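Undergrad: Return a 3D structure for these sequence lines:
(2 chains)
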Amino acid sequence: MSDNNKLNKAKQRLTGLWQLLKKPSAKYSLGTLLSVGIITGIIFWGGFNTAMEMTNNEAFCISCHEMRENVYVEYKNTIHYNNRSGVRATCPDCHVPKEWHWKVLRKIKATNELFHKALGTIDTAEKFEEKRLHLARNVWRNMKATDSRECRNCHDFESMDYARQGRRAVHNHTNGFDAGRTCIDCHKGIAHSLPAMYQEDPSAAFPTPTK
Amino acid sequence: MKYLIKHIIIMLGVTLIIPAINAAEVESLRGAQPINKNAKKPVAKKWQSDRAPIKRDFVQQPPLIPHKTEGYVINTKANKCLSCHSWANYKDKGATKISLTHFTDRDGNDLANVSARRYFCTQCHVSQVDAQPLVENSFKPVKSIMGR
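TA: Model prediction:
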């Protein structure tokens, strides 16, 4: 009986609130309502974006030891970290899309990573190594699906001057693009160690003894 | 006595004068820089970028690498060189394929893939910098490989 009462009361409260929202304001001017609405809107929207940007920098990425002790260490030896012109691509430059809606989608997907952080799926170097091929394939698959969108934020093949590239680069780029290939098809393992490539390309891997 | 004095003078001459003459010619590894001056900074040589295959100088020479290989990883998990030079990939990448000799193990067995003893490419094949020979020489390859 008392449960029903509570439910009814809650219903009444909700309908009351709805009535209040539906009623035009008699007390506040349209200008007040508008400016309060706009200002709170700006604060909340700006706050949301600021919070999202805070999760979108290298310091945040390597605040978790899974990143700091594995992939970050490997990346520090590569050209995207250290190079002649001093331009650096940090984690989110390659791993988080720049366009807003893709970025939000990626952030939502990242909750799965938080879940595995809690589970400790890759909390030791050994566990990480065991998962490396699987994780790498996830990234490769995404890059392939988006035509290497994050690479092309900086390296757009339409801006490439083939005359200034090396013999190998010209040959492989022109042939590759003609064949509909995208960056990640060839440029694997450029910022992190490659997983054991036995399955991907046995001809480019240490010959494993056959059992 | 006279003989002894003569001998001592000659010995002194040998031990004192000859090293003094030679000292001018001997140069330490840091060059002829005075001790209170900084040694000359060696210029870091640059890797040479892509060019056509380099001719061999002798028949058994492992071919030199005519491109940069900075950042190319060769470990038990992956081999960047073979991702272009393996028999599976060379045509697609327009690369030179590795020789059949690389498929033989130390016991002379022919294998279906690169032998472990031939897997670490840069043990024999090396990228080049623009360095002149340390010692001048007049070495010329034999005629039989001149054209290659």
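
Undergrad: Now do the helix of greatest length in chain A: everything it contacts.
TA: Identified as the longest helix of chain A according to DSSP state H is helix A:30-54. For helix A:30-54, contacts defined as CB atoms under 8 Å, 6 or more residues apart in numbering or on different chains pick out A:25, A:60, A:103-104, A:107. Glycine gets a C-beta too; all of them are placed from N, C-alpha and C.

Undergrad: Could you check the pLDDT of the residue most central in space within chain A?
TA: With distances taken as CA atoms, centre = their mean, chain A has A:Val96 as the residue nearest its mean C-alpha position (3.1 Å). Per-residue confidence (pLDDT) for A:Val96: 94.

Undergrad: what do you get for the one 10 residues further on?
TA: The predicted structure scores A:Arg106 at 93 on the pLDDT scale.

Undergrad: So what angle separates the directions of the host helix or strand of it and helix A:30-54?
TA: For A:Arg106, the element it lies in under DSSP states H and E is helix A:100-119. Per axes from the mean of the first three to the mean of the last three CA atoms, to 10 degrees, the angle that helix A:100-119 makes with helix A:30-54 is 50 degrees.

Undergrad: Using CSV, write out every CA atom in helix A:100-119.
TA: What follows is helix A:100-119, C-alpha atoms only, in CSV (Å, rounded to 0.1, in the frame of the first residue of the first chain):
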residue,chain,number,x,y,z
TRP,A,100,34.3,16.4,-33.1
HIS,A,101,31.8,13.6,-33.7
TRP,A,102,34.5,11.0,-34.4
LYS,A,103,36.4,12.2,-31.3
VAL,A,104,33.3,11.8,-29.1
LEU,A,105,32.7,8.3,-30.5
ARG,A,106,36.3,7.4,-29.7
LYS,A,107,36.0,8.7,-26.2
ILE,A,108,32.9,6.7,-25.6
LYS,A,109,34.7,3.6,-26.9
ALA,A,110,37.5,4.4,-24.5
THR,A,111,35.3,3.5,-21.6
ASN,A,112,36.0,-0.1,-22.6
GLU,A,113,39.6,0.6,-22.0
LEU,A,114,38.8,1.9,-18.5
PHE,A,115,36.9,-1.3,-17.9
HIS,A,116,40.0,-3.4,-18.8
LYS,A,117,42.2,-1.1,-16.7
ALA,A,118,40.0,-2.0,-13.8
LEU,A,119,40.2,-5.7,-14.7
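
Undergrad: Mind jotting down where the helices sit in chain A?
TA: Under DSSP H, chain A gives helices at A:2-22, A:30-54, A:58-61, A:65-66, A:72-75, A:91-95, A:100-119, A:125-145, A:149-152, A:167-178, A:183-186.

Undergrad: closest to A:Ala205 out of the ones you listed?
TA: Ranking these by proximity to A:Ala205 (CB to CB) places helix A:125-145 first, at 11.6 Å.

Undergrad: ok, now how distant is A:His192 from A:Leu114?
TA: 21 Å (CB to CB, to the nearest Å).

Undergrad: Over to A:Phe157?
TA: On the measure of CB to CB, A:Phe157 and A:Leu114 end up 35 Å apart.

Undergrad: the more surrounded of those two?
TA: Neighbour totals were compared for A:Phe157 and A:Leu114, and A:Phe157 leads with 15 against 10 (other CB atoms under 10 Å in any protein chain shown).

Undergrad: Could you list the low-confidence segments of the chain?
TA: Because you didn't say which chain, this covers chain A. A:1-2, A:208-211 (pLDDT under 70).

Undergrad: look at chain B instead
TA: For chain B, the ranges with pLDDT under 70 are B:1, B:12-24, B:147-148.
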